[in-house]
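> sequence first, predicted coordinates after that:
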Amino acid sequence: GYVHGLAPMGCSHACARPVAQPPVEHELSDDGDDDDAGDEDDAGGDAFDLNALDILGGMLEDGNAVDNIVLEVNALKFAYNRTVTDCAAVSIRAILAHARELACASATDEPARKAVLQQLKKAITRWAPLLARYVTSDADQRELIHSIEDIAEALPWTVDLFQYILQALYDEDVLGEEAILAWADDAELIPTAGNSGRAARLKACAQFLTWLREAEEDEDEDESDND
């Protein structure tokens, strides 16, 4: 089956949910060496995503309480020995997939960009408290942005929505201007000739980044005037 939210563009597949698989226990060889440990760790990452996306997809659809969702995700986090960053990454993937599913529900074919954008903003507003449970520092914020970049690489339909995803997360105080501008500054230092995706994302975010930088400059001037 398709990973939740990672199918091709058609709605019938893009909204499909994966089949969850139970955690795989590592088995040591007779001599005590776990020759396949690295491979199993890689598979564990995939299994964590599949299980978490499956659970999150259902719980978001049902409108479960954030505390209940966090309990389920944290149980998988410990079962697969994952990190808070992994939980944040899979949560934003599930939220974006959920928004697309809602847009798909009202479309007979590929949903209009406007419909996806509307559902995207609603979903991020609704589920920002979930993300806030896993994004509690500037470092977490930067990791979340990188996770969204990874999603944009995997999901072509998110590319021209990248700016709006960041802006919606900023509006809901999940991302701060310092983390966003730090990401932009770092991205602009890296040559984009071999990374057309990043170049496109920076271009799409240009207006939003300009607004953030001007707002930051205004704040600095106000602080100088008050000194």
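That came in fine, so what should we check first?
> does anything pack onto the longest helix belonging to the chain? Which helices or strands?
Scanning the chain for the helix with the most residues, using DSSP state H, yields helix 196-226. Packing partners of helix 196-226 (3 or more Cβ pairs under 8 Å, 6 or more residues apart in numbering; DSSP states H and E): helix 138-154, helix 162-171, helix 177-189. The way it works is simple: take the backbone N, C-alpha and C, and place the C-beta from them, glycine included.
> who are the packing partners of the last one?
Just to be clear, that refers to helix 177-189. Applying 3+ Cβ pairs under 8 Å, 6+ apart, one finds that helix 177-189 contacts helix 138-154, helix 162-171, helix 196-226.
> which one is Ala168 nearest to, not counting chain neighbours?
Distances taken as Cβ to Cβ, 6 or more residues apart in numbering place Ile124 nearest to Ala168, at 4.2 Å, with adjacent residues excluded.
> wait, what's in contact with the one you found?
95, 99, 165, 168-169, 172, 174 (Cβ atoms under 8 Å, 6 or more residues apart in numbering).
> try 10 Å this time
92, 95-96, 99, 131, 164-165, 167-169, 171-172, 174 (Cβ atoms under 10 Å, 6 or more residues apart in numbering).
> by neighbour count, which of the residues you listed wins?
Highest neighbour count within these, by other Cβ atoms under 10 Å: Ala99, with 28 neighbours.
> just the element for that one, please.
For Ala99, the element it lies in under DSSP states H and E is helix 84-105.
> the helix or strand following that helix vs helix 84-105, what angle?
Scanning forward in sequence from helix 84-105 by DSSP H and E, the next helix or strand is helix 113-132. For helix 113-132 against helix 84-105, the angle by axes from the mean of the first three to the mean of the last three Cα atoms, to 10 degrees is 150 degrees.
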